[in-house]
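[1] everything below, folded, please.
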Amino acid sequence: MGTTSLELVKRIRAGVTAWGSAITEKKMFGGYCTLYNGKMSIGEIKGRLLVRVVPEKMETVLKSPFVTPMDFTGKPMKEFIFVSEGGFTTNEDLQYWIELGIEHAQLKSN
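    Now for the predicted structure:
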């Protein structure tokens, strides 16, 4: 049985505690998103992880197993990826994606 959306949201919340008050939550894209200083960074949609990635890392990240471009609108969205459940089975795996999303938000905040 796979991870439920609520379980994934709880795991994300636990993974972003280090960023304290810089983190907010918002419902977006029919799911849940975490924002860093108001910038969307990571989220959950139908049991998949949504991650924003800096452009310089997109090509490499898209070669990772369990990763696909976010095609929410029918075509890939710039700097967005989906990670299916196999890509975040451990807390270490999930933390990698969280930090990648936070990195995007930090760079876009400057």
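[2] confidence score at residue 10?
    What the model reports as pLDDT for residue 10 is 95.
[3] surely it is in a strand?
    No: per DSSP: H, G, I helix; E, B strand; the rest coil, residue 10 lies outside any strand segment and is helix.
[4] report how many residues lie close to the spatially closest residue to residue 15 that is not a sequence neighbour.
    Using CB to CB, 6 or more residues apart in numbering and skipping the chain neighbours, the partner closest in space to residue 15 is residue 98 (4.5 Å). Heads up, the C-betas are built off the backbone N, CA and C, glycines and all. Neighbourhood size, residue 98 [other CB atoms under 10 Å]: 25.
[5] any idea how far residue 65 is from residue 98?
    18 Å (CB to CB, to the nearest Å).
[6] re the thing from before, counting by contacts, list what whichever strand or helix holds the residue nearest to residue 15 packs against.
    Secondary-structure assignment from DSSP states H and E places residue 98 in helix 91-109. Judged by 3 or more CB pairs under 8 Å, 6 or more residues apart in numbering; DSSP states H and E, helix 91-109 is in contact with helix 5-15, strand 31-36, strand 39-45, strand 48-52.
[7] just how off-centre is stretch 49-60 within its chain?
    On the basis of CA atoms, centre = their mean, to the nearest Å, stretch 49-60 is displaced by 9 Å from the centre of the chain it belongs to.
[8] now do the buried residues in that stretch.
    49-54, 58 (16 or more other CB atoms under 10 Å).
[9] nothing else from me, thank you.
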